[in-house]
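Undergrad: Okay, here's the prediction I keep looking at, along with the sequence it came from:
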Amino acid sequence: MVKKDKIRGIDLIRFLSTPKTLQEISAEFGRPESEMEAYLEKRGKLRSYNLFVHRNDSQKLIYVYDKEKRNELIIKPRVWTYRKHEELPYLWISFPNNLNFKKIILAPISDAHYGSLAHISKKFDDYLNWIARSNNVFGFLVGDEVENCHADSPPGAIFEQMMRPKDQIISFRKKLAPLAHKILFGVPGNHEGRGTKKTDIDPLYFGICEPLGIPYFDEPVFVDILWKTYVFTMYCRHGSGNAQTKGGKINKALQALDFQEHIMFNIMGHVHDPMLDDTPRICRERNFDEDGNLESFRLVHKKQYTIICPSFLSYFGSYGARMGFSPPNTNITTCEIYPNGKYHATS
Ligand SMILES: [Fe+2]
């Protein structure tokens, strides 16, 4: 037994990274077993390593150190704040006025279908990384983020997943956690809706938005984005229906303009075919002086963008290819807002 002058914590952690008996510990550190037992009991946790003590089959005490598991869901602080209406699907996002970007880019994350065999992981990971590393880019979830196929899904779909639904949710959450502070809100798609229909449990809410602190709405959401005293308006839904033609898809997206005032960004996913319509809305504008007298009136063309978001699914090998649907284009669609109140959409 070679007695060491001082027992270093790091040596204990290393030696007890695999279970050891008191006899082995005593031999390693050159001290009697009783002394080592008392010593370990007194030291207990070392750094971020927890000490576990139990007995082996011979009823001898064994000791092992194991690194404490860190919470994967440490969310970085947001630079923006939000306020949700208490009863209505209406959200205010406020960026601080001292946020001096040339523009803010709002990037939809739609139809990832994470967990599907056809999910394009490289494109999706690159997209998330771009949002994460670009200070002026913020994302929002448009639904169908997880494939979530189960027994009642269309025939065969359950066999076209690379992992079971619960693992899809856990894995997607891990992917999103590092940039959760940059995700403005989330709405579910029909694939999340499968869980809601059967169990009243939306995986987007319980598995992703709620644990990551992302504002969630279970229906289309009306969003006001406040920055530099300007208000930028958005309406966002996943979408529904079975449109196959370009015209059918854009018509479906444009329907949302039938029942509401002018909005700057009308967002839809679901049809996996990115498109951009920029038909302006003609609005009346009246200007009054301080006494309420009419100064001028005119008609203005207000820009209004309808955006269909891309998916992250490949074509060949997918349900769409087998059904003979046309392949989607692979554009990325984004919304841009500027500090002078201007706005733009790209595809
Ligand atoms: Fe989808």
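TA: Yep, that arrived. Residues are numbered from 1 along each chain as shown.

Undergrad: For the rest of this, base every contact and every neighbour count on C-alpha atoms.
TA: Will do.

Undergrad: where in the stretch 151-300 of the chain is pLDDT low?
TA: Scanning the stretch 151-300 of the chain for pLDDT under 70 picks out no residues.

Undergrad: residue ranges of the helices in it, please?
TA: In the stretch 151-300 of the chain, the helices defined using DSSP state H, counting those that start in this stretch lie at 165-176, 190-199, 203, 210-212, 246-254.

Undergrad: Go through those and pick out the most buried.
TA: helix 203 (a mean of 25; mean count of other CA atoms under 10 Å).

Undergrad: What residues does the stretch 51-200 of the chain have near the ion?
TA: Contact residues (CA under 5 Å from the ion) of the stretch 51-200 of the chain with the ion: Asp111.

Undergrad: Tell me which residue of the stretch 51-200 of the chain lies closest to the ion.
TA: Nearest residue of the stretch 51-200 of the chain to the ion: Asp111, at 4.4 Å (CA to the ion).

Undergrad: so how many other residues sit close to that residue?
TA: 28 (other CA atoms under 10 Å).

Undergrad: Torsion angles phi and psi at it?
TA: phi 50, psi 50 (degrees, to the nearest 10).

Undergrad: just the one 3 residues further on next, same as before
TA: With angles defined as degrees, to the nearest 10, Tyr114 shows backbone torsions of phi -60, psi 130.

Undergrad: For it, which non-adjacent residue is spatially closest?
TA: Spatial nearest neighbour of Tyr114, chain neighbours left out: Val146 (4.5 Å); criterion: CA to CA, 6 or more residues apart in numbering.

Undergrad: And that neighbour, how close does it get to Pro178?
TA: Applying CA to CA, to the nearest Å, the value for Val146 to Pro178 is 18 Å.

Undergrad: Then Met323?
TA: For Met323, the distance to Pro178 - CA to CA - is 37 Å.

Undergrad: Of these two, give the one with the bigger neighbour count.
TA: Per other CA under 10 Å, whichever of Met323 and Pro178 has more neighbours is Pro178, with 18 against 8.

Undergrad: pretty sure the more buried one contacts Leu128?
TA: No: contact criterion CA atoms under 8 Å: Pro178 and Leu128 do not qualify, at 9.6 Å.

Undergrad: now the host helix or strand of Leu12: how far from the chain's centre is it?
TA: Per DSSP states H and E, Leu12 falls inside helix 9-15. Computed by CA atoms, centre = their mean, to the nearest Å, the chain-centroid distance of helix 9-15 equals 39 Å.

Undergrad: After it, heading C-terminal, what element do we hit next?
TA: Downstream of helix 9-15, the next assigned helix or strand under DSSP H and E is strand 20-21.

Undergrad: if we look at that following strand, which residues are touching it?
TA: 60-64 (CA atoms under 8 Å, 6 or more residues apart in numbering).

Undergrad: what does stretch 284-293 give?
TA: 294-300.

Undergrad: and the residue lying closest to Ile169 once chain neighbours are set aside, what does it touch?
TA: Of all residues not flanking Ile169 in the chain, Gly207 sits nearest, at 5.9 Å (CA to CA, 6+ apart). When contacts are counted by CA under 8 Å, 6+ apart, Gly207 touches 169-170, 173.

Undergrad: would you turn the residues you listed into CSV with distance to Asp218?
TA: Output for those, formatted as CSV (distance: CA to CA, whole Å):
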residue, distance to Asp218
Ile169, 17
Ile170, 20
Arg173, 18
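
Undergrad: now Gly139, what's its secondary structure?
TA: Here Gly139 is strand, with the state taken from DSSP: H, G, I helix; E, B strand; the rest coil.

Undergrad: I figured it hits Ile104, correct?
TA: No: judged on CA under 8 Å, Gly139 makes no contact with Ile104 at a distance of 10.6 Å.

Undergrad: which one of those two has more residues nearby?
TA: The neighbour comparison of Gly139 against Ile104 (other CA under 10 Å) goes to Gly139, with 24 against 21.

Undergrad: Shouldn't His301 be within a strand?
TA: Yes: counting by three-state DSSP, His301 is located in a strand.

Undergrad: Tell me who's in contact with Phe297.
TA: Going by CA under 8 Å, 6+ apart, Phe297 touches 284-287.

Undergrad: got it, and Ile332?
TA: 274, 309-310, 346-347 are the contacts of Ile332 under CA under 8 Å, 6+ apart.

Undergrad: by contact count, what packs against the helix holding Leu12?
TA: Helices and strands touching helix 9-15, as assessed by 3 or more CA pairs under 8 Å, 6 or more residues apart in numbering; DSSP states H and E, are absent.

Undergrad: Buried ones in it, by neighbour count?
TA: 12-13, 15 (16 or more other CA atoms under 10 Å).
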